[in-house]
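# I would like to see how this sequence folds:
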Amino acid sequence: MRAREFIREGSRAPVPTQLDQASQGSMLTRDIGGYDRTYHMNRLLMAAAMADGSSKKAVNMDTGSFVEKYNVIFPYSDLEHMMILQAMATIPTDSHELTKRSKSKEPEDTHTVSPVSNWNKK
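Just a heads-up that it's a prediction; the model follows:
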């Protein structure tokens, strides 16, 4: 078998007959504009996981997340935070501060004392 017989990239060749016959159907998808196919596929498959398959109606979920088309960086220390700022000064980057830099704290609904701490003391 020659590479050109199974590599179809770079051309708009029709679906190979073997693939067409062996499949039960297929779809090409991408985000409108084709900017971020990976993020689009992630959101699309999240919606599919919520779908019941009984209709073509939209499921009840947000179409995007709070990060959407951005990568998110969570530096742990002040030093790492400054390292990221220095890297972004070097590499042209479209960025904005998602949350202000501050000391972290446990959410108010999180246990601050183990609920099982007295379990072994019986």
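# when you work out contacts or count neighbours from here on, use the C-alpha atoms and nothing else.
OK.
# from residue 25, how far out is residue 47?
Using CA to CA, to the nearest Å, residue 47 is found at 20 Å from residue 25.
# with residue 110 instead?
Residue 110 is 47 Å from residue 25, by CA to CA.
# with residue 65 instead?
Counting by CA to CA, the separation of residue 65 from residue 25 is 30 Å.
# next: residue 44.
Residue 44 sits 18 Å away from residue 25, going by CA to CA.
# neighbour count winner among the two?
The residue with more neighbours, out of residue 44 and residue 25, is residue 44; 15 against 8, by other CA atoms under 10 Å.
# OK, contacts around the more buried one?
With contact set as CA atoms under 8 Å, 6 or more residues apart in numbering, residue 44 has no partners.
# can you give me the pLDDT of it?
Here the pLDDT value assigned to residue 44 is 93.
# what do you get for the one 10 residues further on?
According to the prediction, residue 54 has pLDDT 95.
# what's the local residue count around it?
6.
# try residue 40
Neighbour count of residue 40, defined by other CA under 10 Å: 20.
# make 10 the starting number, not 1.
Taking 10 as the first residue, the last one we looked at is residue 49.
# name the element the spatially closest residue to it that is not a sequence neighbour belongs to?
Nearest residue to residue 49 in three dimensions, chain neighbours excluded: residue 40, at 5.5 Å (CA to CA, 6 or more residues apart in numbering). Element membership for residue 40, per DSSP states H and E: none, as it lies in no helix or strand.
# now the helices: where do they sit in this structure?
Listed in chain order, the helices found in the chain under DSSP state H are 12-15, 26-31, 46-59, 87-99.
# okay if I get the ones you listed as JSON lines plus distance to residue 113?
Compiled in JSON lines, the helices of the chain are given as follows (distance: least, CA to CA, whole Å):
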{"stretch": "helix 12-15", "distance to residue 113": "53"}
{"stretch": "helix 26-31", "distance to residue 113": "53"}
{"stretch": "helix 46-59", "distance to residue 113": "28"}
{"stretch": "helix 87-99", "distance to residue 113": "12"}
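# mind telling me which of those helices the model trusts least?
helix 12-15 (a mean of 66).
# on the pLDDT front, check residue 18 for me.
As predicted, residue 18 sits at a pLDDT of 65.
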